[in-house]
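Asker: Model the following, please.
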Amino acid sequence: MHASPGHIWDAVDFLTWFLFVLSLETLGIHGQGGDGCGHTLLGPQSGTLTSRNYPGTYPNGTRCVWRLRAPRGRTLRLAFGDVDLERSAGCSAGSLTVTLGNGATALGPLCGQLDATQRKVELNSSEATVLFVSGTHRSGRGFLLSYATDQNTDLISCMDRGTHFTAQHLRAFCPAGCKGVTGDIWGHVGQGYRDTSVLCKAAVHAGVVSDELGGPITVSWERSITRYESTFANGLLSKTGSLSEKKLVFHRECDSQLPVLAYNASSHWEEVDSLGRRILWTPGNKDFAGQDLPWVPDSNDPEPWLEIELRDRSSVTGIITKGSLSSSFYVQSYTLLYSKDNKNWKSYKAALSKDIKVFEGNSDNSQEVLNSLNPPVVARYLLLRPKQWERKAALHVRVLGCPLPRPRAHPPQSEVPPVTPPHSPTASQGPEVEKSPGQSSSQPVAVVVGVVLVLIVCVVVLLAGLCWKRRKKAADMKCSLAKGSQSSLGKNLPCSESELISYPLERGACDPLPHPPLNDYAEPELMVPGQKLGSTFRPAADEGYTVPLILNHYDVPGKLPEYAEPLPPEPEYATPFTEQPPDPPAAALGARKNTCLVRVVPPMQAVRTGPGAATSSAHYDCPGHKEAPNGYCTPAPHLNGPRQASMVYAEPHPADTLSQHTYHEPL
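Answerer: Here you go, the predicted model:
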């Protein structure tokens, strides 16, 4: 049996590919090899790879192999962001082939373009090999491929933009390596991103995911804003954008600003201005214009550092730095060390790397730069070491994260760790993982139990007091009811003498007041049902009330009930109650000219109304038959002769031309 030339060529091509992959394993190249490889980041959970010069045209005659591996027990999932290879017979101008770990071909060879329904592929294997070969061609951008494990079913590509999704909320998994992929973003994490931004690249800019690891994201679409500002964060520079249809907002739980307790530094710069005033450039101070001053080390400090002490031990997720606004001072790059106790220090390293990470700082003195820590670290003390700076290393620093719950009390340890000065922290091999204490003291439990018991006792005592008070009130009410009913029936009261209140004795109108006065008043008895209580207001006529016989408001009633009555209107001027004397002779008028006659008449005296008649009581009101024509009342003379004067009235004497008396009314 003879093999055809096509089969022989396929066997030779497979043998060449197998030897090439074997050489990659022998040379120890980390998952890729060849001259046709473009941007590549292969992580343990996800990654991204592209052809050379993507999205430009890939070169002729190149070859690249990528080997993908998932953790044991997991399979791989692929997501093509773009496939644009020049279509040719037999894909001779360029092809893409995906092979499983057992050598079986899962996809390819591919050329041309892929439909949107074919861009996500599930592989039933934990290993796969991607082979890209280019021949002579004239067009074609190449391809971009991302992968993740099968547990990330919502894997998206680095090329997906916000406008590609219509749901109001989105949960997705961004693969590692999207930072180096071509794509634009507008805005920043504080105000949101334009919906035309590349989604996973914007997530790296916002610090939601790490470019070395990737991760899940949660995004919401909200109302757009007029202008999106340009910012630099996590090594990415966003653009200034205009109004869009919507904006993207990334949700992140642990990103609040942490309070700083104190600062410590290797040195401080003391400046003397033109007026001879001294300015110490340290955090917390202000310049003469009222602006906050950053930390600036002394010019002779070769290795400056700034230590930040947080108020509580916290999970630190990011650091925001800014230069000096008044001067062109800023830090271009720095490294970070962290510690829990200010004794043992560790250097922060990037994920999947053993090298100390160098953070990209500011490019000017006014813009804020965010550097996120993915994964975050647990620390209370942070130490920043500037590596490069412009003129002077000036730093305004803000720390992002969330405080951790306070740990419970631990028994004292016998061994004390060695003390390391803050200016020379020791670096360790990786980020430190915070562990929660395994055992706790039983003292808090005892305190809680004691507090609960005290509360129970207090509640029982309170309920007992309320019950006793309620029973006593019910007994008193029962006694009062019995007292009222039996008194109405003329029976003896069963209550004790202490419950009876004596009533004051009845007193006549002319009886003297008791001495000492009686201050005890009787407690009113309960009325028989249907009987109405007394009132100070006059009852209605249909209730049997009889108007007492009162001549005027000065009379004092006897034992009749007293009710408040309005006083009748009194005359505006006082009038004497004396009878007009007879006119004196004309001779006397001349002698008594311009003199006043004074008479005093007692007001409460019996007067006669006629010969041999007298009233039984004094009257202030003038009877009708005694009323004079001039409106005054003429009293009767005394029985035994004229009375001595007791009240004084002024009687002016008229002039000679007057024929009768004239009285002057008071003013």
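
Asker: longest strand of the chain?
Answerer: In the chain, taking DSSP state E as the definition, the longest strand is strand 369-390.

Asker: for residue 387, what are its contacts?
Answerer: Neighbouring residues of residue 387 by C-beta atoms under 8 Å, 6 or more residues apart in numbering: 332, 333, 334, 335, 358. The C-beta positions use only the backbone N, C-alpha and C, and glycine is treated the same way.

Asker: Just the ones of those in strands?
Answerer: Within these, residues falling in strands by DSSP E are 332, 333, 334, 335.

Asker: show me what contacts the third one?
Answerer: For residue 334, the residues meeting the contact criterion (C-beta under 8 Å, 6+ apart) are 321, 358, 359, 361, 384, 385, 386, 387.

Asker: count of neighbours near the third one?
Answerer: So that's residue 359. Residues near residue 359, counting by other C-beta atoms under 10 Å, number 21.

Asker: Distance-wise, check it relative to residue 97.
Answerer: Note on residue 359: its distance to residue 97, by C-beta to C-beta, to the nearest Å, is 40 Å.

Asker: all helices for this structure, in order.
Answerer: 5-27, 199-206, 443-489, 586-591 (DSSP state H).

Asker: now the nearest residue to residue 59 once chain neighbours are set aside: how far from residue 94?
Answerer: With C-beta to C-beta, 6 or more residues apart in numbering as the criterion, residue 59 has its nearest non-adjacent residue at 6.1 Å, and that residue is residue 52. Separation of residue 52 from residue 94 (C-beta to C-beta): 11 Å.

Asker: again, but for residue 248
Answerer: 35 Å.

Asker: cool, and residue 305?
Answerer: Taking C-beta to C-beta as the measure, residue 305 and residue 94 are separated by 53 Å.

Asker: Pick out whichever of these two has more residues nearby.
Answerer: A count of neighbours by other C-beta under 10 Å puts residue 94 above the other of residue 305 and residue 94, at 28 against 22.

Asker: I figured that one hits residue 131, correct?
Answerer: No. Residue 94 lies out of contact with residue 131 (C-beta atoms under 8 Å); the separation is 11.4 Å.

Asker: Can you measure across stretch 385-396, start residue to end residue?
Answerer: 14 Å (C-alpha to C-alpha, to the nearest Å).

Asker: for the stretch 1-150 of the chain, what spans make up the strands?
Answerer: Under the criterion DSSP state E, counting those that start in this stretch, the stretch 1-150 of the chain contains strands at 32-34, 37-42, 46-51, 63-69, 76-85, 94-100, 105-110, 112-113, 120-122, 127-134, 142-149.

Asker: Residue 284 is nearest to which of the ones you listed?
Answerer: Smallest distance to residue 284 across the strands of the stretch 1-150 of the chain (C-beta to C-beta): 41.9 Å, for strand 37-42.

Asker: Please work out which residues outside that closest one touch it.
Answerer: 30-32, 47-54, 58, 64, 66, 68, 142, 176-177, 180-181, 211-212.

Asker: Separate out the buried members of those residues.
Answerer: Buried by 16 or more other C-beta atoms under 10 Å: 31-32, 47-52, 54, 58, 64, 66, 68, 142, 176-177, 180-181, 211-212, out of the contacts of strand 37-42.

Asker: Residue 236 - nearest residue in space that isn't next to it in sequence?
Answerer: residue 205 (4.4 Å).

Asker: Pull the contacting residues for the one you found.
Answerer: So residue 205 contacts 185, 188, 189, 193, 231, 233, 234, 236, 238 (C-beta under 8 Å, 6+ apart).

Asker: mind redoing it with 7 Å?
Answerer: 185, 233, 234, 236, 238 (C-beta atoms under 7 Å, 6 or more residues apart in numbering).

Asker: same deal with residue 148?
Answerer: Contacts of residue 148 by C-beta under 7 Å, 6+ apart are 45, 46, 77, 155, 173, 175.

Asker: what about 10 Å?
Answerer: 43, 45-47, 70, 74, 76-79, 154-156, 173-176, 214 (C-beta atoms under 10 Å, 6 or more residues apart in numbering).

Asker: What's opposite it in the beta bridge?
Answerer: In this entry, residue 148 is beta-bridged to residue 46, residue 77, by DSSP bridges.

Asker: Tell me the pLDDT of it.
Answerer: pLDDT for residue 148: 96.

Asker: how far away is it from residue 313?
Answerer: For residue 148 relative to residue 313 (C-beta to C-beta), the value is 34 Å.

Asker: again with residue 291
Answerer: 32 Å.

Asker: do residue 370 as well
Answerer: 22 Å.

Asker: Settle it for me: which of those two has more neighbours?
Answerer: Comparing residue 370 with residue 313 by other C-beta under 10 Å, the one with more neighbours is residue 370, at 21 against 18.

Asker: got a list of what the more buried one touches?
Answerer: 188-190, 205-207, 231-234, 255, 318-321, 398, 400.

Asker: at 7 Å what do you get?
Answerer: Applying C-beta under 7 Å, 6+ apart, the residues near residue 370 are 207, 233, 234, 318, 320.

Asker: Now the two most distant members of those.
Answerer: Pairwise over the contacts of residue 370, using C-beta to C-beta, the maximum falls at 234 and 320, 11.4 Å.

Asker: So for these two, which residue has more residues nearby?
Answerer: residue 234 (23 against 16).

Asker: Report pLDDT for the more buried one.
Answerer: 94.

Asker: Could you do the one 10 residues further on as well?
Answerer: Turning to residue 244, the model gives it a pLDDT of 93.

Asker: do the one 4 residues further on as well
Answerer: Note on residue 248: pLDDT of 95.

Asker: Which member of the contacts of residue 387 is positioned nearest residue 261?
Answerer: Taking C-beta to C-beta as the measure, residue 334 is the one of those closest to residue 261, at 21.1 Å.

Asker: any idea how far residue 218 is from residue 169?
Answerer: According to C-beta to C-beta, residue 169 and residue 218 sit 7 Å apart.

Asker: Same drill for these two, tell me which one is more crowded.
Answerer: Shown here are residue 169 and residue 218; by other C-beta under 10 Å, residue 218 has more neighbours (15 against 10).

Asker: So what sits opposite that one in the bridge?
Answerer: Counting by DSSP bridges, residue 218 is bridged to residue 171.

Asker: how close does it get to residue 174?
Answerer: Note on residue 218: its distance to residue 174, by C-beta to C-beta, is 11 Å.

Asker: Could you give the bridge partners of residue 333?
Answerer: residue 360, residue 388.

Asker: wait, it sits on residue 358?
Answerer: Yes. Between residue 333 and residue 358 a contact is recorded at 5.4 Å, counting by C-beta atoms under 7 Å.

Asker: what about the spatially closest residue to residue 292 that is not a sequence neighbour, neighbour count?
Answerer: Among residues not flanking residue 292 along the chain, residue 286 sits closest, at 5.9 Å (C-beta to C-beta, 6+ apart). Counted with other C-beta under 10 Å, the neighbours of residue 286 add up to 10.

Asker: start at 31 instead
Answerer: In the new count, where the first residue is 31, that last one comes out as residue 316.

Asker: Compute the distance between residue 316 and residue 292, please.
Answerer: Taking C-beta to C-beta, one finds residue 316 at 18 Å from residue 292.

Asker: same question, residue 104
Answerer: Taking C-beta to C-beta, one finds residue 104 at 47 Å from residue 292.

Asker: Looking at those two, which has the bigger crowd around it?
Answerer: Remark: of residue 104 and residue 292, residue 104 carries more neighbours, 16 against 12, as counted by other C-beta under 10 Å.

Asker: Go ahead and confirm the more buried one touches residue 182.
Answerer: No. Counting by C-beta under 7 Å, residue 104 sits too far from residue 182 to count as a contact (9.9 Å).

Asker: Distance check, the residue nearest to residue 266 against residue 216.
Answerer: Residue 235 is 10 Å from residue 216, by C-beta to C-beta.

Asker: So for the two, which residues contact both of them?
Answerer: Counting by C-beta under 7 Å, 6+ apart, the common neighbours of residue 235 and residue 216 are residue 268.
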